[in-house]
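Student: return a 3D structure for these sequence lines:
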Amino acid sequence: MTFSPTPKQPSRAVMDQVEFNCGVMHIKDHSPRQLSEETVKMLIQRSQEAKQRAYCPYSKFRVGAALLTLDNCVITGCNVENACYNLGVCAERNAISKAVSEGHRSFKAIAISSDLSDQFITPCGGCRQFIREFGSNWDVYLSKPDSSYRRMTVDELLPVSFGPEQLSLRRS
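Tutor: Residues are numbered from 1 along each chain as shown. Below is the predicted model of the structure:
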């Protein structure tokens with residue numbers, strides 16, 4: 001699914017459905033599986049805001065992520081690079097780690113943003129596996145700076161994946 005936005009600010013009704021608590025945004029989206037269009041737009045906006053805080057002096061490639069928990073908390077993350085390149089942390093892993101440290105283990109969706117305008121940003125292979133650790137049937141919103149997006153499931157991003165459930169399978 002791909003969406004191209006119309007230039008429009010979120011309605012006052014949507015803004016009334018959002019509340020902040022201790023730096024974490026809570027939304028009132030009660031849909032069981034499919035997120036409302038307003039919630040998706042808000043999630044992408046939060047990922048774009050997180051992108052602004054990226055620390056990427058080496059690659060200059062800013063990435064932001066906004067994670068929506070089952071209890072409708074929005075937790076953001078950005079990429080943080082390190083002079084020892086392999087110690088950098090991607091935005092997706094940053095957001096999920098923050099959520100886990102706050103007690104969250106189940107997620108509805110994650111939105112990812114970057115400065116790429118010719119294509120939708122996608123998670124790296126390591127982030128796909130990290131996302132998969134928390135289930136294969138939740139949504140990943142790949143976005144562009146103009147807020148257009150493509151919705152995929154974790155299963156679509158990482159087909160035939162390895163996850164925690166494989167560890168309990170019978171072995172010979």
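
Student: any idea how far L70 lies from R105?
Tutor: 9 Å (C-beta to C-beta, to the nearest Å). For the C-beta atoms, the positions are set from N, CA and C on the backbone; glycine is no exception.

Student: can you name the residues that contact the residue most central in space within the chain?
Tutor: By C-alpha atoms, centre = their mean, the chain has its centre lying nearest to I110, at 2.5 Å. Residues near I110 by C-beta atoms under 8 Å, 6 or more residues apart in numbering: 65-68, 92, 95-96, 131, 138-141.

Student: quick check on C73: phi, psi?
Tutor: Taking degrees, to the nearest 10, you get phi -90, psi 140 for the backbone angles of C73.

Student: ok, what's across the strand from it?
Tutor: Beta bridges link C73 to H26, judged by DSSP bridges.

Student: in this structure it contacts S106, no?
Tutor: No - C73 sits out of contact with S106 when judged by C-beta atoms under 8 Å, with a separation of 11.2 Å.

Student: picking that back up, quickly list what the residue nearest to the centre of the chain is bridged to.
Tutor: Under the criterion used (DSSP bridges), I110 bridges to L67, V140.

Student: give me the more crowded residue out of C73 and S106.
Tutor: Taking other C-beta atoms under 10 Å, C73 and S106 do not tie; C73 has more neighbours (18 against 11).

Student: how much space separates that one from S36?
Tutor: For C73, the distance to S36 equals 16 Å [C-beta to C-beta].

Student: all good on my end, thank you.
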